[in-house]
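> Could you look at this predicted model? Sequence included:
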Amino acid sequence: MRLRYFALVVGILFLLLGILGLIPGLLSLPASAPVLKVSMGYGYLFGIFPVNLVHNLIHLAIGVWGIIVYRSELNARLFARSMAICLGLLAVLGLIPVTKMLFGLVPLFSHNIWFHALTAAIAAYFGWFRKRKAEDIGMGAAA
């Protein structure tokens, strides 16, 4: 059951981040910000997290996905594992100078690195390392 709530909470969090990233008043763009090929909606959410339209659309998609998979223990586990792999990869890409902007499409640098890494680590815990509880097994969930 907790695995399903992980998917729901992460889904809501990413959905909110995607929506907030679309609000121009919450974005600021310092003069030192790197140039992106996709500059629509480019700015730093709350002055901290670099986002653009593509980044926000990805957050919205992840959010909807997490909310949808909340209904199934198996799908929630697959969601957690997918999040661990994808966000872990994005955190690593954010550390590499050539790929930190995903070839000018998505800003992965700055505070996005630790956010992606932390979310990946938590997702890995829920996807692979968390022991299944008796209530989860009793629900007929296969993993």
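Cool, got the structure.

> What are the contacting residues of stretch 122-130?
2-3, 6, 10, 77-81, 83-84, 87-88 (CB atoms under 8 Å, 6 or more residues apart in numbering). From N, CA and C alone the C-beta is placed, and that goes for glycine too.

> now these: which count as buried?
When those are checked for burial by 16 or more other CB atoms under 10 Å, the buried set is 3, 6, 10, 77, 79-80, 83-84, 87-88.

> Return the member of the contacts of stretch 122-130 nearest to residue 18.
residue 10 (12.3 Å; CB to CB).

> surely residue 7 meets residue 73?
No - if you go by CB atoms under 8 Å, residue 7 and residue 73 don't touch, sitting 9.4 Å apart.

> Pick out whichever of the two has more residues nearby.
residue 7 (27 against 22; other CB atoms under 10 Å).

> Poorly predicted segments of the protein, please.
By pLDDT under 70, the low-scoring segments of the chain are 1, 132-143.

> what do you get if the cut-off is 90, keeping everything else the same?
1, 130-143 (pLDDT under 90).

> need the strands for this structure, in chain order.
Using DSSP state E, the strands of the chain run over 27-28, 43-45, 49-51.

> how about those strands in CSV, adding mean neighbour count and distance to residue 111?
Formatted as CSV, these follow (neighbours: other CB atoms under 10 Å; distance: least, CB to CB, whole Å):
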stretch, mean neighbour count, distance to residue 111
strand 27-28, 16, 13
strand 43-45, 20, 9
strand 49-51, 23, 5
